[in-house]
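Chemist: Just to be clear, the model below is a prediction. Sequence and coordinates:
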Protein chains: 2
Amino acid sequence: MNEIDTILIVDDEIQIRRLLEITLSANGFNVIHSMCGKDGLVDAATHNPSLIILDLGLPDIDGQEILKRLREWYTRPIIILSVRNSEEDIITALDNGANDYITKPFRSGELLARIRVAKRYSEINQNEPICEFGNLSVDMLNHVARKGDEILKLTSTEFALLSLFVKNSGRVLTHKFILRQVWGFGYVEQTQYLRVFVAQLRKKIEKNPSKPELLITESGIGYRFGE
Amino acid sequence: MNEIDTILIVDDEIQIRRLLEITLSANGFNVIHSMCGKDGLVDAATHNPSLIILDLGLPDIDGQEILKRLREWYTRPIIILSVRNSEEDIITALDNGANDYITKPFRSGELLARIRVAKRYSEINQNEPICEFGNLSVDMLNHVARKGDEILKLTSTEFALLSLFVKNSGRVLTHKFILRQVWGFGYVEQTQYLRVFVAQLRKKIEKNPSKPELLITESGIGYRFGE
DNA sequence: ATTTTCTTTTAAAGTTTCTGTAAAGTTATA
DNA sequence: TATAACTTTACAGAAACTTTAAAAGAAAAT
């Protein structure tokens, strides 16, 4: 618990940033600021913070868009802190991968408690923008997958599927879990999609697609990637 | 693939329970109700729901107390739904192990989205330990069993059986108990299944399957794993 | 000690469920 | 409109589960 946790704040209001800075640093966090969406994306990638607090009303790019782009590779907690109070915004943000949604004005004690909750449930998630496995590498940030030196030509669904497998290598992922992560919660029964895309992915990453060595079937449960 | 998620509602207000019932069952959940804290604790234990929605203002026991007692064993999501709006209540509940805190009156779309969030993160992070015995290890979280370094290729039934044995190593487990745990209540008389699967498991984990050293027969009673 | 009875092991056949694959149909995208 | 990506269908083959049956082993009775 001695390493300093870094929190990235993406918000254009200086007062909010100051208030957060005081609250968070008083609680042992190291704080980084970004004043717009673009900076936020860059700072997240360069500092790899252990948590991000994101405002939705940014001057350049919409916060929901930032959230989506972050979630392409960033697996640690993201807490939305916004004046927007519409149910639609909240649902969209949560389904886009936010861990929590707090409306301004906020209470700092509650914010800290919600940060603790978010960190509690994401401790396992290691977060590397580039994951490697064998001669495969997946660069979440630049959205590029390689086999050796050769760049794999993957569709976005295939890429999402491969990232999920690489991020969770060695773990058995259930059909439902994969479907929810890649396609969304409404698709958990569409096991057939998964079969089709697993077959396509195997064609592109396995030496011998009919005798898979990387993407292993766990019959009746799901799939496991790698060792 | 058609298994229904069960949600337990612990709330004394009938209107709230009705509203939740409608919202949740319309979204494919199976709903159980408890009207007081005592019933809540019992129902949680008997039904083992996949999520609990808990009110703080219960007639008998205080909700924070229920929360603490549930968290002694219940690892899946608990969402607090309460009229209490004080920061102290919120912080206490979140630190007592609640996954989220929603104040009444609530918006059902937001509630559903927050349920999705809670389920998303609890599935990954079931902090169940890795059980080991000799050179065997069973990793419940990743659903992987190993003998030394080699990954054992087990069917899901074999895996469930082995987990049960490893978790209860040294204890004599009766046929009925094992059948109930692995196959379910309706199978307690199917001793033959057990014999067949024990034989299969021995082939995969014993040095000499016909002279088992790990998975010992207790004639007329059941089996014992390890010493 | 031997026989009888009950229990367990094991193989193998029968049945069901799950998975891989190709190909056709549909939708999105440039 | 042409192209790529995604969705859906259909079916064969594989894997898992259930059932049967015979042989081996243990316990009880004589």
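Modeler: Perfect, I can see it now. Numbering: from 1, shown residues only, chains lettered A, B, ... in the order given.
Chemist: For chain A, name the helix or strand with the lowest mean pLDDT.
Modeler: Scoring the helices and strands of chain A by mean pLDDT, DSSP states H and E places strand A:130-133 at the bottom, with a mean of 86.
Chemist: Tell me which other helices or strands the top helix by length along chain A touches.
Modeler: Using DSSP state H to define each element, chain A has its longest helix at helix A:191-205. If you count contacts as 3 or more CB pairs under 8 Å, 6 or more residues apart in numbering or on different chains; DSSP states H and E, helix A:191-205 packs onto helix A:156-167, helix A:175-182, strand A:215-218. C-beta: built from backbone N, CA, C; applies to glycine.
Chemist: Not counting it itself, show me its contacts.
Modeler: A:136, A:147, A:152-154, A:157-158, A:161-162, A:175, A:178-179, A:183, A:187, A:209, A:212, A:214-215, A:223, B:1 (CB atoms under 8 Å, 6 or more residues apart in numbering or on different chains).
Chemist: which SS class is A:Val138?
Modeler: Here A:Val138 is recorded as strand under DSSP: H, G, I helix; E, B strand; the rest coil.
Chemist: so it sits right up against A:Leu162, yeah?
Modeler: Yes: at 6.0 Å, A:Val138 counts as touching A:Leu162 under the criterion of CB atoms under 8 Å.
Chemist: Give me the common contacts of these two.
Modeler: In contact with both A:Val138 and A:Leu162: A:Ala145, using CB under 8 Å, 6+ apart.
Chemist: May I see the helices and strands packed on helix A:191-205 organised as CSV, with mean pLDDT, mean neighbour count and distance to DNA strand D added?
Modeler: Shown next, in CSV, are the helices and strands packed on helix A:191-205 (pLDDT from 0 to 100; neighbours: other CB atoms under 10 Å in any protein chain shown; distance: least, CB to the nearest atom of the strand, whole Å):
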stretch, mean pLDDT, mean neighbour count, distance to DNA strand D
helix A:156-167, 93, 20, 3
helix A:175-182, 92, 20, 9
strand A:215-218, 96, 16, 7
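Chemist: can the ones you listed go into JSON lines with extra columns for distance to B:Ala118?
Modeler: Below are those laid out as JSON lines (distance: least, CB to CB, whole Å):
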{"stretch": "helix A:156-167", "distance to B:Ala118": "20"}
{"stretch": "helix A:175-182", "distance to B:Ala118": "13"}
{"stretch": "strand A:215-218", "distance to B:Ala118": "26"}
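Chemist: so which of the ones you listed comes closest to DNA strand C?
Modeler: Smallest distance to DNA strand C across the helices and strands packed on helix A:191-205 (CB to the nearest atom of the strand): 3.7 Å, for strand A:215-218.
Chemist: which ones are touching A:Ile78?
Modeler: A:Ile78 sits next to A:51-54, A:67, A:70-71, A:97-99 when contact means CB under 8 Å, 6+ apart.
Chemist: burial of the residue lying closest to A:Ile91 once chain neighbours are set aside, as a residue count?
Modeler: Among residues not flanking A:Ile91 along the chain, B:Ala113 sits closest, at 4.3 Å (CB to CB, 6 or more residues apart in numbering or on different chains). Residues within reach of B:Ala113, counting by other CB atoms under 10 Å in any protein chain shown, total 21.
Chemist: Confirm B:Ala113 sits in a helix?
Modeler: Yes: per three-state DSSP, B:Ala113 lies within a helix segment.
Chemist: Dihedrals phi and psi, A:Glu128?
Modeler: Torsion angles at A:Glu128 (phi, psi; degrees, to the nearest 10) stand at phi -120, psi 130.
Chemist: now swap in A:Met140 and tell me
Modeler: Torsion angles at A:Met140 (phi, psi; degrees, to the nearest 10) stand at phi -70, psi -30.
Chemist: what does the domain assignment say about chain A?
Modeler: Split into domains by automatic domain parsing, chain A comes to A:5-120, A:130-225.
Chemist: Need those domains in TSV (columns: distance to B:Thr92).
Modeler: Compiled in TSV, the domains of chain A are given as follows (distance: least, CB to CB, whole Å):
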stretch	distance to B:Thr92
domain A:5-120	9
domain A:130-225	30
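Chemist: Most tightly packed of the ones you listed?
Modeler: Greatest average neighbour count among the domains of chain A goes to domain A:5-120 (a mean of 18), per mean count of other CB atoms under 10 Å in any protein chain shown.
Chemist: Averaged pLDDT, it. What do you get?
Modeler: For domain A:5-120, the mean per-residue pLDDT is 94.
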